[in-house]
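Peer 1: this one's sequence-less:
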């Protein structure tokens with residue numbers, strides 16, 4: 001694994017590094033939780049193709065709720081460090097190898113435990129539902145397993161955080177059969193992305 005910590009998430013260098021590069025938070029757009037190709041796969045290829053050729057990252061939607069989530073991220077990280085007596089290291093990016101074909105931008109790495117950390121801010125209603133179910137929300141399964149694929153770590157700490165409510169903390173173990181399928185689909189996706197980029201560029205020649 002290659003860890004990039006010479007800049008921070010959100011910095012211009014971080015935005016540039018992610019242009020046309022699939023990230024773990026979007027792996028669900030490539031593969032389903034069953035390991036099959038996602039219906040949104042082709043649209044994601046076009047999105048990343050456009051980024052590569054235009055040389056800029058696709059504009060993301062942002063609102064007050066998302067900004068509050070970023071503020072809560074620090075609180076959640078500190079809470080986990082206190083409760084489990086560990087240090088969470090903030091990094092910009094992680095790549096599986098020198099090829100840097102895809103990446104993860106975790107909310108932190110617990111290097112001493114060979115673990116990743118992912119926190120999700122929740123409104124009270126959502127937090128109540130997550131606490132009642134007491135398990136990893138399906139929509140975050142692929143991101144956590146993607147982080148484990150990229151880093152090679154042993155587990156991922158998932159935390160759902162809501163100020164004023166109990167915190168849900170889960171240990172997500174490696175799902176090796178899924179990780180194998182995800183690795184295969186990522187290889188196919190990157191191959192198809194390269195072909196699409198080549199095809200579009202040839203149209204402008």
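Peer 2: Arrived safely. The structure displayed is predicted, hence computed values, not measured ones.

Peer 1: okay, CA-based contacts and neighbour counts for the rest of this
Peer 2: OK.

Peer 1: lowest-pLDDT helix or strand in the chain?
Peer 2: Lowest by mean pLDDT, DSSP states H and E among the helices and strands of the chain is helix 64-84, with a mean of 78.

Peer 1: so which elements touch whichever helix or strand comes after that helix?
Peer 2: Later in the chain than helix 64-84, the nearest helix or strand by DSSP states H and E is strand 93-95. Applying 3 or more Cα pairs under 8 Å, 6 or more residues apart in numbering; DSSP states H and E, one finds that strand 93-95 contacts strand 2-4, helix 141-151.

Peer 1: one more pass at 6 Å, please.
Peer 2: strand 2-4 (3 or more Cα pairs under 6 Å, 6 or more residues apart in numbering; DSSP states H and E).

Peer 1: what residues sit buried inside the helix or strand following the strand it packs on?
Peer 2: The helix or strand immediately downstream of strand 2-4 is helix 12-17, counting by DSSP H and E. Residues residue 14 are the ones in helix 12-17 that count as buried (16 or more other Cα atoms under 10 Å).

Peer 1: before we move on, what about stretch 20-30?
Peer 2: Here stretch 20-30 shows 20, 21, 22, 23, 24, 25, 27, 28, 29, 30 as buried, counting by 16+ other Cα under 10 Å.

Peer 1: contacts for it?
Peer 2: Contacts to stretch 20-30, defined as Cα atoms under 6 Å, 6 or more residues apart in numbering, come from residues 37-38, 40-41, 48, 51-52, 102-104, 142-143, 146.
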